[in-house]
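Engineer: Predicted model and sequence follow; I will ask about them next.
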Amino acid sequence: MFDRLFSFIKTDQAPPDHFLIGATVVPLQFVHHPRARRYLLRLLPDGVARITIPRRGSVSTARDFAARNINWLGEQLQRQASLPKTSTHWQIGDEIYFRGEPVCLERLNEAAIRVGTEQIKVATGSANLKPTIQRHLHRLAAKELPLRVMELAGAHGILVSRVTVRNQRSRWGSCSRRGTISLNWRLIQCPAFVRDYIILHELAHRRQMNHSAKFWQEVERICPDYRSAEVWVKAHAILLR
């Protein structure tokens with residue numbers, strides 16, 4: 001249905017390639033990945049269509065691949081548009097997720113607020129509490145998540161060389177061939193079973209650096225209830241925005 005609404009736009013400004021789907025201009029981002037086995041298409045939260053190019057692949061073939069999947073991309077645009085918008089401002093009385101539960105931002109005094117079990121110092125008269133709260137939660141995640149990774153890795157006999165906690169905008173975690181596990185600090189906002197699933201998902205990549213059937217068998221072996229966690233992750237993808 002989107003084929004008739006699709007066209008290329010060529011401009012002299014970067015990025016040079018776009019899709020036009022209906023009235024929406026979708027920039028294309030081409031990423032070469034030497035470990036990728038096939039072309040992959042993903043719509044990022046900021047509306048960019050990212051095409052992963054495998055080893056020996058080309059940009060022209062990647063563009064054709066994306067064009068063949070224009071219906072899917074249009075469906076993802078509609079789904080993205082239907083998601084509730086995240087607020088750029090957090091203030092007293094707002095609710096945010098913390099450890100899987102919606103918690104209300106409460107004022108303790110002029111210089112402190114409460115977020116669930118956390119007391120956070122804030123500048124007097126702050127109109128937007130979001131940056132301060134996010135920094136606090138990021139620091140908290142940086143303390144807790146590496147410890148949990150090591151606990152789960154030890155329980156399953158998986159070697160990990162390093163753990164980092166980052167501010168990814170399009171993924172919950174990743175695993176490198178060198179054994180580095182990178183996690184999104186927003187896992188501190190998820191329930192424990194979801195946090196553990198994301199960690200175990202990345203740990204499973206230490207045995208299968210792909211998303212093959214064998215990989216998902218490994219995930220199910222070490223995290224039997226992973227499907228429930230996947231449902232929660234998809235329903236709360238807005239947290240990555």
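Structural biologist: Okay, I see it.

Engineer: what helices or strands is the longest helix belonging to the chain leaning on?
Structural biologist: As assigned by DSSP state H, the longest helix anywhere in the chain is helix 130-155. When contacts are defined as 3 or more CB pairs under 8 Å, 6 or more residues apart in numbering; DSSP states H and E, helix 130-155 sits against strand 112-115, strand 118-121, strand 162-166, strand 180-184, helix 192-204. Every residue, glycine included, has its C-beta placed from N, CA and C.

Engineer: C-terminal to the helix or strand harbouring residue 18, what's the next element?
Structural biologist: Per DSSP states H and E, residue 18 falls inside strand 17-21. Next in sequence after strand 17-21, counting helices and strands by DSSP H and E, comes strand 24-32.

Engineer: Which secondary structure elements does that following strand sit against?
Structural biologist: Using 3+ CB pairs under 8 Å, 6+ apart: strand 24-32 touches strand 17-21, strand 49-53, helix 59-68, helix 70-82.

Engineer: how about the residue nearest to the spatial centre of the chain, what does it touch?
Structural biologist: In the chain, the residue lying closest to the centroid (CA atoms, centre = their mean) is residue 171, at 2.2 Å. Contacts for residue 171 (CB atoms under 8 Å, 6 or more residues apart in numbering) come out as 184, 240.

Engineer: quick one on the thing from earlier: reformat the helices and strands packed on strand 24-32 as TSV; add mean pLDDT and mean neighbour count.
Structural biologist: Output for the helices and strands packed on strand 24-32, formatted as TSV (pLDDT from 0 to 100; neighbours: other CB atoms under 10 Å):
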stretch	mean pLDDT	mean neighbour count
strand 17-21	82	19
strand 49-53	90	20
helix 59-68	92	15
helix 70-82	83	15
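
Engineer: Next, format those as JSON lines and append distance to residue 101.
Structural biologist: JSON lines is the format used below for those (distance: least, CB to CB, whole Å):
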{"stretch": "strand 17-21", "distance to residue 101": "37"}
{"stretch": "strand 49-53", "distance to residue 101": "32"}
{"stretch": "helix 59-68", "distance to residue 101": "39"}
{"stretch": "helix 70-82", "distance to residue 101": "24"}
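
Engineer: Relative to residue 237, how far out is the residue nearest to the centre of the chain?
Structural biologist: For residue 171, the distance to residue 237 (CB to CB, to the nearest Å) stands at 11 Å.

Engineer: hmm, back to that, between the helices and strands packed on strand 24-32, which one is nearest to residue 203?
Structural biologist: strand 49-53 (22.3 Å; CB to CB).

Engineer: Show me what that closest one pairs with in its sheet, parallel or antiparallel.
Structural biologist: In the sheet, strand 49-53 lines up against strand 24-32 (parallel), strand 40-43 (antiparallel) (DSSP bridges).

Engineer: so which of those gets nearest residue 154?
Structural biologist: strand 40-43 (32.1 Å).

Engineer: what's in contact with that closest one?
Structural biologist: With contacts defined as CB under 8 Å, 6+ apart, strand 40-43 is touched by 26, 49-52, 65-66, 69, 72-73, 76-77, 80, 170.
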